[in-house]
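Chemist: here is a sequence with its predicted model. Questions after.
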Amino acid sequence: MKQGIHPEYHKINVTMTNGQTVEMYSSVKKDLVLSTDNLNHPAWTGQRSNNDSKGQRAADFKSKFAGFKF
């Protein structure tokens with residue numbers, strides 16, 4: 001590995017959304033407080049926040065491309 005071109009890593013504390021603190025190494029020099037993590041993000045929880053607009057997105061697509069023949 002080439003010397004002098006890589007950032008220095010520091011030990012920081014990362015606070016999750018539920019208050020749990022995890023110790024990690026990062027090139028960022030300050031502690032982080034997350035607003036989104038695997039406990040509340042839809043990609044991990046499987047929940048969608050826009051369930052009420054499911055049918056609306058399909059209708060918008062159909063009206064936008066109504067002149068095209070698929």
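Modeler: Everything's here; your move.
Chemist: next helix or strand past the helix or strand bottoming out on mean pLDDT in the chain?
Modeler: Lowest by mean pLDDT, DSSP states H and E among the helices and strands of the chain is helix 42-45, with a mean of 71. Scanning forward in sequence from helix 42-45 by DSSP states H and E, the next helix or strand is helix 54-64.
Chemist: which other helices and strands does that following helix contact?
Modeler: Based on contacts counted as 3 or more CB pairs under 8 Å, 6 or more residues apart in numbering; DSSP states H and E, there is no element that helix 54-64 packs against. Every residue, glycine included, has its C-beta placed from N, CA and C.
Chemist: so V22 sits against M16, correct?
Modeler: Yes: counting by CB atoms under 8 Å, M16 is a contact partner of V22 at 6.7 Å.
Chemist: which one of those two has more residues nearby?
Modeler: M16 (16 against 12; other CB atoms under 10 Å).
Chemist: please name the nearest non-neighbouring residue to the more buried one.
Modeler: Excluding the flanking residues, the one nearest M16 by CB to CB, 6 or more residues apart in numbering is D37, at 5.2 Å.
Chemist: wasn't the one you found part of a helix?
Modeler: No: per DSSP: H, G, I helix; E, B strand; the rest coil, D37 lies outside any helix segment and is coil.
Chemist: that one touches Q20, doesn't it?
Modeler: No: with contact defined as CB under 8 Å, D37 does not reach Q20; the gap is 9.5 Å.
Chemist: number of residues surrounding the residue nearest to M16?
Modeler: Neighbourhood size, D37 [other CB under 10 Å]: 15.
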